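Colleague: no letters, just coordinates:
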């Protein structure tokens, strides 16, 4: 196949996978850097990730009149995201149609903003381009609240979730502390993290040298020891008057089965459905008889732009900018990654990661971040986590709520 | 009984019932106004509401060295709260012992900061004082996130929860909008409100003239019409691609029974336990087959000082100050209340409410605030709600999380 390589100079950007409160900041980094560094490139932003390309729905960013800076203030995916797995490279028909789409828009630079699965998508596109002789510089831009990408020291989106969970846990802990004398004794906050406990670990940041606000952290990395947990909660209530538990949705039993999906029955003999938090609450009520409250933060935690980490936001922008520089430097199949160059004070820079080492890999909490009893995070873990949450970056408010003004987006007519 | 009336000049302050993110601001109002207006009065703050008085655990505020201004920044109850119902006035033994405690601390001014039940406590103390010939000025200071107190136009604590719910709903709505093309179609946020739907109603504030972020609101005031709800959600998904539902925990079926506690079984034939949100989610999955996410904000909503409403905070302080002025004016058995003196621009002042009209009464959403189909809030409702959420008042942060420094508290040795 022959592609009209000589005229290719445009850029494609897409958002993929679960969104974050700063993925749009990476979009800002990519789009603004393209405008600065290669103003002759037209920018096409895909509607709903790679799906927009396949369905011929790309936003023509030349037509957008509002300032790109709005991206810096709005959570979630301005252009829409997707969960969509590309077929293997042997599916030539699929990739032929994909490249004919890219050719139609004269795409030379391909930016894919997402996590592990999205790195896989970007890698496949990059490899297929080589196979098909399409001169494409495909760069992945990291993003995931799960913080589980390999190679990079941390992932944009995570620092803001960590800040949200630590703040919320501290606030809820002060609440239960007020109530525990005559009422609630245990509070359980369920957080995201199917396979890795990074988000739950951030609960430890609520604590300081003088005060314990969070008493137990349940991680997917540590098989649930029910008796030790119950003993611990009882001891917390006896010592502090209450116990605050941060529970990762991915908590597993000793057989590696999701605890929230296990066969255990409640006091009425019914299997319990719903989330992990109500299940843990039921366990505490049945075994210890304590009054409880529970919360499931779900989407709230990952879209809480009103409480974004400034460090996280700055890194998200910087990685977007660097992705463009790498693409213009004729690189492909890589991802700009965060390097921690100094611990205290925290300093970071940006390096390159090969997508082969990142796609579909998963980084869980290292052992030395987990306390001996498995229910807390060590000082090493705190030292790693803390800098990622530092700094506030408030959105603009109008009439009591954040504005979150959206860009005017117009589909390309190509 | 004879009390040494002539020497009584001290003040008692206590927090009671579920806490809020600004109840400490009312404490600041009370305590700072006492210091200003009657510096000869010693202040005793009760540990865990009225329980501290009964158990002889009062904090001697003369011993506190840190600035009272810390109260303005910390959520929940700095002195501890309680859920404790006083016996009827016929229980003379109880009140005798209560007044002997008050006499011991030479209390003349009694401030009780809480909601309906707490107003009842304050009323009983006020009435019992008259019966016993104890010269006590007992003033209730309003506080409840439920916004269900009679007489007052609104309640301190509510504006901040409303701001939190509207902001969180808007953020989560942008999230699901990003994901709905290939993934989640319905998001359900469960909020507090057992008997009144004020908090759920605040979800409407996420919407503006150009955008609908929240599509359905489920109120305790409107019996759950399952079919109309399912039809509406289906229609939302067809029209917008997704549906965002704010559900009040107090939602009831046509027989007035809590919907979350009803006998309906899920697709496995089991009764569903846990909260309302997972139950609604299961209903949507079974009947419409949509992928869903759900969140339960629970304590997070009422302790989110990081997102407090400045209007709410200012009113909380002002009511605390006014309570002191009323007490010094020799009033008893009353509560300072908020009056809305102008709609647009919103203006407010403070009046007096008789505790007999407030204790144990409950104000639900008026009919004209609820849309005809029962699933939305009218413009009249929005006009009422909006001003209560206006203005931001951020706490100080250190290392990524709010500081929420607590006062040094020392028990009185009397």
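Modeller: Yep, it's here. Keep in mind that what you see is a predicted model, and the values were worked out from it rather than measured.
Colleague: quick one, strands of chain A?
Modeller: Listed in chain order, the strands of chain A (DSSP state E) span residues A:10-15, A:43-46, A:58-60, A:107-114, A:137-142, A:186-191, A:216-218, A:243-248, A:292-296, A:334-342, A:347-354, A:397-398, A:401-402.
Colleague: would you list those in a markdown table and tack on mean neighbour count?
Modeller: No exception for glycine: its C-beta is placed from N, CA and C like everyone else's. As requested, the strands of chain A are exported to a markdown table (neighbours: other CB atoms under 10 Å in any protein chain shown):
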| stretch | mean neighbour count |
| --- | --- |
| strand A:10-15 | 27 |
| strand A:43-46 | 25 |
| strand A:58-60 | 22 |
| strand A:107-114 | 27 |
| strand A:137-142 | 29 |
| strand A:186-191 | 29 |
| strand A:216-218 | 25 |
| strand A:243-248 | 29 |
| strand A:292-296 | 25 |
| strand A:334-342 | 20 |
| strand A:347-354 | 15 |
| strand A:397-398 | 14 |
| strand A:401-402 | 26 |
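Colleague: over to the residue positioned nearest the centre of chain A: give its phi and psi.
Modeller: Here the mean C-alpha position of chain A is nearest to the C-alpha of residue A:145 (CA atoms, centre = their mean), at a distance of 1.7 Å. Dihedral angles phi and psi of residue A:145 (degrees, to the nearest 10) take the values phi -60, psi -20.
Colleague: what about the longest helix along chain A, average pLDDT?
Modeller: As far as residue count goes, and with DSSP state H defining each element, the longest helix of chain A is helix A:158-179. Per-residue confidence for helix A:158-179 averages out to 98 on the pLDDT scale.
Colleague: for chain B, see how far away residue A:334 is.
Modeller: 25 Å (CB to the nearest CB, to the nearest Å).
Colleague: just checking, that residue touches residue A:141?
Modeller: No - applying CB atoms under 8 Å, one finds residue A:334 not in contact with residue A:141, separated by 10.8 Å.
Colleague: in the stretch 251-400 of chain A, which segments are predicted with low confidence?
Modeller: Residues of the stretch 251-400 of chain A meeting the criterion pLDDT under 70: A:262-274.
Colleague: quick check: residues of it near chain B?
Modeller: On the criterion CB under 8 Å from any CB of the partner chain, chain B has as its neighbours in the stretch 251-400 of chain A the residues A:266, A:268, A:270-275, A:277-279, A:281-282, A:293-300, A:302-307, A:309, A:386-392, A:394, A:397, A:399-400.
Colleague: quick one: buried ones out of those?
Modeller: Of the members of these, the ones counted as buried by neighbours, 16 or more other CB atoms under 10 Å in any protein chain shown, are A:266, A:270-275, A:277-279, A:281-282, A:293-300, A:302-307, A:309, A:386-392, A:397, A:400.
Colleague: show the contacting residues for residue A:109.
Modeller: Residue A:109 sits next to A:10-12, A:34, A:38, A:41, A:136-137, A:139, A:324, A:327-328 when contact means CB atoms under 8 Å, 6 or more residues apart in numbering or on different chains.
Colleague: identify, from the residues you listed, the entry nearest to residue A:154.
Modeller: Relative to residue A:154, the closest of the contacts of residue A:109 is residue A:139; by CB to CB it sits at 18.7 Å.
Colleague: leaving out the residues flanking it, which one is nearest to the closest one?
Modeller: With CB to CB, 6 or more residues apart in numbering or on different chains as the measure, residue A:323 is the residue that lies nearest to residue A:139, at 4.5 Å, once sequence neighbours are left out.
Colleague: please report how far residue A:405 lies from residue A:307.
Modeller: Spatial separation of residue A:405 from residue A:307 under the definition CB to CB, to the nearest Å is 19 Å.
Colleague: hang on, I meant residue A:131
Modeller: As it turns out, when the distance is counted by CB to CB, residue A:131 lies 45 Å from residue A:307.
Colleague: coming back round to it: among the buried ones among the residues of the stretch 251-400 of chain A next to chain B, which are in helices?
Modeller: Residues of those located in helices (DSSP H): A:277-279, A:281-282, A:298-300, A:302-303.
Colleague: farthest pair within the residues you listed?
Modeller: Maximum distance among those (CB to CB): 28.3 Å, for A:282 and A:303.
Colleague: what's the burial count for the closest residue to residue A:22 other than its chain neighbours?
Modeller: Nearest-residue entry for residue A:22: residue A:316, 4.2 Å, with adjacent residues in sequence omitted and distances by CB to CB, 6+ apart. The number of residues packed around residue A:316, counting by other CB atoms under 10 Å in any protein chain shown, is 31.
Colleague: got a list of what residue A:316 touches?
Modeller: When contacts are counted by CB under 8 Å, 6+ apart, residue A:316 touches A:22-23, A:25-26, A:29, A:143, A:156-157.
Colleague: let's have those in TSV, adding distance to residue B:242.
Modeller: Formatted as TSV, the entries for the contacts of residue A:316 read as follows, by distance: CB to CB, whole Å:
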residue	distance to residue B:242
A:22	22
A:23	18
A:25	23
A:26	23
A:29	27
A:143	21
A:156	25
A:157	21
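Colleague: considering those residues, which possesses the most neighbours?
Modeller: Highest neighbour count within the contacts of residue A:316: residue A:156, with 35 neighbours (other CB under 10 Å).
Colleague: if we can go back for a sec, state the distance from the residue nearest to the centre of chain A to chain B.
Modeller: From residue A:145 to chain B the distance is 11 Å (CB to the nearest CB).
Colleague: circling back to that earlier point, nearest to residue A:364 among the contacts of residue A:109?
Modeller: Ranked by distance to residue A:364 (CB to CB), the contacts of residue A:109 are led by residue A:139 at 25.9 Å.
Colleague: in the sheet, who's paired with that closest one?
Modeller: On the basis of DSSP bridges, residue A:139 is bridged to residue A:111, residue A:334.
Colleague: tell me the contacts of it?
Modeller: A:109-112, A:122, A:323-324, A:326-327, A:331-332, A:334-336.
Colleague: distance to residue B:255 added to those, as JSON lines?
Modeller: Rendered in JSON lines, the data for the contacts of residue A:139 read as follows (distance: CB to CB, whole Å):
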{"residue": "A:109", "distance to residue B:255": "62"}
{"residue": "A:110", "distance to residue B:255": "58"}
{"residue": "A:111", "distance to residue B:255": "56"}
{"residue": "A:112", "distance to residue B:255": "53"}
{"residue": "A:122", "distance to residue B:255": "55"}
{"residue": "A:323", "distance to residue B:255": "58"}
{"residue": "A:324", "distance to residue B:255": "61"}
{"residue": "A:326", "distance to residue B:255": "64"}
{"residue": "A:327", "distance to residue B:255": "63"}
{"residue": "A:331", "distance to residue B:255": "66"}
{"residue": "A:332", "distance to residue B:255": "64"}
{"residue": "A:334", "distance to residue B:255": "62"}
{"residue": "A:335", "distance to residue B:255": "57"}
{"residue": "A:336", "distance to residue B:255": "59"}
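Colleague: out of those, who's nearest chain B?
Modeller: Among the contacts of residue A:139, residue A:112 lies closest to chain B (CB to the nearest CB), at 15.2 Å.
Colleague: give me the nearest residue to the closest one, chain neighbours excluded.
Modeller: Distance criterion CB to CB, 6+ apart; nearest residue to residue A:112, sequence neighbours excluded, is residue A:122 at 4.0 Å.
Colleague: now do residue A:58
Modeller: Excluding the flanking residues, the one nearest residue A:58 by CB to CB, 6+ apart is residue A:44, at 4.1 Å.
Colleague: now, the most widely separated pair of the contacts of residue A:316?
Modeller: Greatest spatial distance in the contacts of residue A:316: A:29 and A:157, 13.5 Å, computed using CB to CB.
Colleague: before we move on, the earlier item: is it true that the residue nearest to residue A:112 touches residue A:110?
Modeller: Yes - using CB under 8 Å, residue A:122 makes contact with residue A:110 at a distance of 7.4 Å.
Colleague: any residues in contact with both of the two?
Modeller: With contacts taken as CB under 8 Å, 6+ apart, residue A:122 and residue A:110 have A:138-139 as neighbours in common.
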